[in-house]
Each structure stands twice: as structure tokens, then as C-alpha cells.
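>>> Sequence and predicted model, in that order:
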Amino acid sequence: MDSLFRNRVFLIVATADLLQQLGIWIRNMALLFYIMEQTNNNPTAVSLLTVFEYLPIFIFSLLGGTFADRWNPKRTVIIGDLLSAVSVVLILALVMAGWWQAVFAATVVSAVVSQFSQPSSAVLFKRHVPEKFIGMAIGITQSLMAIFLIFGPIVGTLVYTQLGIQASLVALIGIFMSAALLQIALPASPRDRTSSSATVWKDMGEGIRYVQRSANLRIIAIMFLIMGVGIGITQPLDVFVTMERLGLPKEAVQWFEAAAGIGVLLGGAIAAASMRWVERHRSKIIPLALTWMSIATMIEVLSLWPLLTGTVRLLLGIVLSFFQVIFGALMIQGVEEKYIGRVNGVIMPLMTAGILIGSASAGFLAESIMLFGAYGVSAVLTLICAFLSIRLQTEGISKYTIEKKAGDVAGEQPH
């Protein structure tokens, strides 16, 4: 672990990610409350906010991943944060001029930029962090991010309720600028120019075929699509569960988000400290984690007691952290560096498409079959993913397996 904490790339990327997570939470809480106030607590408007967050991810993820595999990763992450800061400046000007609908653009721009910068961060990890530390690095990163999962909603709510939407946007500008300046200290990471001779479309096609040749990646892609629908259904409805089931004001949603953040903090720390055990048992951990997530979804909507709901969110955060650490390690360790961006670009749009479908239908489901029915649909979808995960080969997404299958296909061709 001492060697990991002496790794400059790990320290810089992890710190920049923390800043960005803080900014995301300030944005999420401020925009949620602001739009609810502007639309008189309209659930369709809240669902639309989620759609605006994920639609750009669906459109730009594969393209962003492809360019992340071609561009200099250091330059990409710096320019991405600078563009985010500049875009918020423009949005702030529109809000000050009375165009409150411009806040939707803050979500759109941030989502677009992240499709180029996030895969580049994974490339930096792949290139500069020793493989034996990847799982530990992801576990530590999850724990550190959880600090802002805890305090992000609280800070975001405080900034908005005390100072308003304009101060929240100013805070975003400062956070993105700080992240960009910090990443200037990253080591030079030039790309091999010989690998960029192919067209962008050809590179995108190679990324899709890379996923198709791996049984693990195919299963993960299907799982992420189904999970996305479940997440999309419940995400915009959490605030209504807080108000209607628990009888609390909408601002109380921050405390349940904080409970989940504490769970992620504890789960990440436990996963990092017991990474060898996790790697030996991850074939059991993944389906069990998904089963618990399904059960927790129903407990949340059935609960009438804030303490029970908070406890469930805490345990859900712990389980979710293990799930993220395991999948993060599989994706970085098992995928070749030159394909990391494109694999991310192929799989993430599927989850995003699911989230868009779920978010777009959340308001309709809540009105037609009530919150119980909506959360029940989400729970069933997560349980389906638990059964699918049993088929995963959790020793890794083997480069050998992919290359062997490619060779077998080539061997079947006529000479």
C-alpha cells in the first residue's frame, strides 16, 4: 500500500476525481431543488433532469471512448475540466438573465465532457499503476469518493438553500478549474501515433467487435442495460419516497444520500483491505450483491421509518462499493489498454439507454401503479441481473480468450 500512495498518477487522478464528484453532487442537489421549485414539484420535470443527464452519455460514450483511445490522456482530462468550467460560466450568465431552463444545459455539458475525460483517467491508471495494485487503488478511490457522497449532498443542499442557484454554479466553476490545474502535474502520456492511422469509424467498429468476442463483456453489457432501467426508474423517485412514505421535506433526501455515502466509504475501505479475499470469492459476491440490491429496493419503498430506510441505504452503499470495486478491477485488468476507452464506450451507452428508458417511464409508473409498483419493477430487473452474473468468468476478461476466439474465427475462413 505504501508503494501505491507513492504513485503520483494515482494520487493526482484520485484527487481530481474527488473534486469532480464534489462538483457533481453540488450540481445534482442544487438543480434538483431548483427545478422542483420552478415546476411546483412536478415528477415529470424531475425525470426530465435525469434524461438530460444521461442522454448525452448514450450519444457520445462510444465516440468519446474512441477518441480517448487516440488522444493524449493527460491533455484530454485537463481540457475536459476547463471546458466544463467555461460552460458553467455561460450557463450562469443565462440564469442571471432570467433563463432558468438553462440549468438543464449544465447537466448536458457535464455529461458530454465526461465521456471523453473518464476513459482517459482509466487509461492513466492502466498505464502508470502496477496491475497488482489496481484492485486496491479502485477500492481506495471508492472510499475517498464516498467522503463526498456523504458530504456532497449536505454541502450542495447548504449552498443552494443558503445562497441560491447562482452560488452553486460559481462553486462548480471553482471546482472544475481546480481539477484542471491539479492535473497539469500528471506525467506526459503521449499516444503511439501509429495506432491512430485508422479512421475513427474503423476504431469504433474494432471496439464493438472486441466486446462481441468476449463472453464476459457480452454478459456485462446485457447486465448493464437491465440494471440501467432499474436505476432509471428509482433515481428520480427517491425524493418522492422521502416525502410521501416517510413524511419528510424534500431536503431530507440529502441525509439518505449521506447514509449511502457512508456505506460506500466503509465498503471501499473493507474491499481495499481484503482485496485478496474479494478476488477469490468475487464469483459469489457479485450475485449476492445484486440480490441484496433487489431486496433493498423493496424495503426502501415499503419502509415508513426513516431509521430503517437510512440503515438500508447504508448497507446498500457497502454492497454497491464491493460491486463497483470488482467490476472496476475486471475492466481495467482484463481489457487491453488500447481498447479501454472503446470498451467503456460500448458498454456504458447500454446502461445509459436503460437509465433513459427507466427515467422516462418513472413518472408514468409512479402515477399508474404507484411508487410500490415502480420500485417493484426495479427490484425484479436487478434480480434478473443477479442470475445473469452467475455466468460471469470472474477470474478476468481474458485477453488470451479474446485472441483465441479471434484466431478460431480466422481459422474457419477459407484459405
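Structure's in. What do you need?
>>> Against which helices or strands is the helix or strand containing Met136 packed?
Counting by DSSP states H and E, the element that carries Met136 is helix 134-163. Secondary-structure packing of helix 134-163 (3 or more C-beta pairs under 8 Å, 6 or more residues apart in numbering; DSSP states H and E): helix 2-5, helix 8-38, helix 165-182, helix 253-273, helix 275-302, helix 306-334. For the C-beta atoms, the positions are set from N, CA and C on the backbone; glycine is no exception.
>>> contacting residues around the third one?
With contact meaning C-beta atoms under 8 Å, 6 or more residues apart in numbering, helix 165-182 is reached by 12, 15-16, 19-20, 22-23, 26-27, 30, 34, 78, 81-82, 84-85, 88-89, 91-92, 95-96, 103, 106, 156, 159-160.
>>> for the helix or strand that that helix is followed by, packing partners?
Downstream of helix 165-182, the next assigned helix or strand under DSSP H and E is helix 200-212. Under the contact criterion of 3+ C-beta pairs under 8 Å, 6+ apart, helix 200-212 touches helix 43-70, helix 215-234, helix 340-368.
>>> how far off helix 215-234 does the helix or strand following the last one point, in degrees?
For helix 340-368, the succeeding helix or strand toward the C-terminus, using DSSP H and E, is helix 370-389. Angular relation of helix 370-389 and helix 215-234 on a 0 to 180 degree scale: 170 degrees, by axes from the mean of the first three to the mean of the last three C-alpha atoms, to 10 degrees.
>>> Tell me the buried residues in helix 370-389?
Buried residues in helix 370-389, defined by neighbour count with 16 or more other C-beta atoms under 10 Å: 371, 374-379, 381-386, 388-389.
>>> circling back: starting at the chain centroid, how far to the helix holding Met136?
13 Å (C-alpha atoms, centre = their mean, to the nearest Å).
>>> got the angle for that helix vs helix 253-273?
Put simply, helix 134-163 runs at 160 degrees to helix 253-273, going by the same axes, to 10 degrees.
>>> Mind checking the pLDDT average for helix 134-163?
Throughout helix 134-163, pLDDT has a mean value of 74.
>>> One more: stretch 274-288?
Averaged across stretch 274-288, pLDDT comes to 78.
>>> now do stretch 389-405
For stretch 389-405, the per-residue pLDDT averages 53.
>>> I'd like the distance from stretch 376-393 to the chain centre, please.
Computed by C-alpha atoms, centre = their mean, the separation of stretch 376-393 from the middle of its chain amounts to 19 Å.
>>> Make 460 the first number, not 1, from now on.
OK, 460 is where the count begins now, so the last one is stretch 835-852.
>>> And for it, what's in contact with it?
When contacts are defined by C-beta under 8 Å, 6+ apart, stretch 835-852 is touched by residues 674-675, 678-679, 681-682, 685-686, 688-690, 692-693, 742, 745-747, 749-750, 752-754, 756-757, 760, 817, 824, 860.
>>> Not including adjacent chain positions, what is the nearest residue to Phe683?
Nearest non-adjacent residue to Phe683, counting by C-beta to C-beta, 6 or more residues apart in numbering: Met810, 3.9 Å away.
>>> Could you tell me the model confidence score at that neighbour?
Reading off the model, Met810 has pLDDT 82.
>>> cool, Ser656 as well?
For Ser656, the pLDDT comes out at 51.
>>> hang on, the earlier thing: quick one: which of the buried residues of helix 829-848 is nearest Leu583?
Distance to Leu583 across the buried residues of helix 829-848 (C-beta to C-beta) is lowest for Ser848, with 28.4 Å.
>>> gap between the closest one and Arg672?
As defined by C-beta to C-beta, to the nearest Å, Ser848 lies at a distance of 20 Å from Arg672.
>>> Met810 now?
Distance of Met810 to Arg672, computed by C-beta to C-beta: 20 Å.
>>> Then Ile518?
Ile518 sits at a distance of 25 Å from Arg672 (criterion: C-beta to C-beta).
>>> same deal with Trp714?
Trp714 is 46 Å from Arg672, by C-beta to C-beta.
>>> ok, now Gly664?
Distance of Gly664 to Arg672, given as C-beta to C-beta: 13 Å.
>>> how close does Thr750 get to Gly689?
13 Å.
>>> and these two? which has more neighbours close in?
Taking neighbours as other C-beta atoms under 10 Å, Thr750 and Gly689 compare with Gly689 leading, 25 against 17.
>>> need the contact list for that one.
By C-beta under 8 Å, 6+ apart, the neighbours of Gly689 are Thr756, Gly813, Gly817, Val836, Ser837, Ala838, Leu840, Thr841, Cys844.
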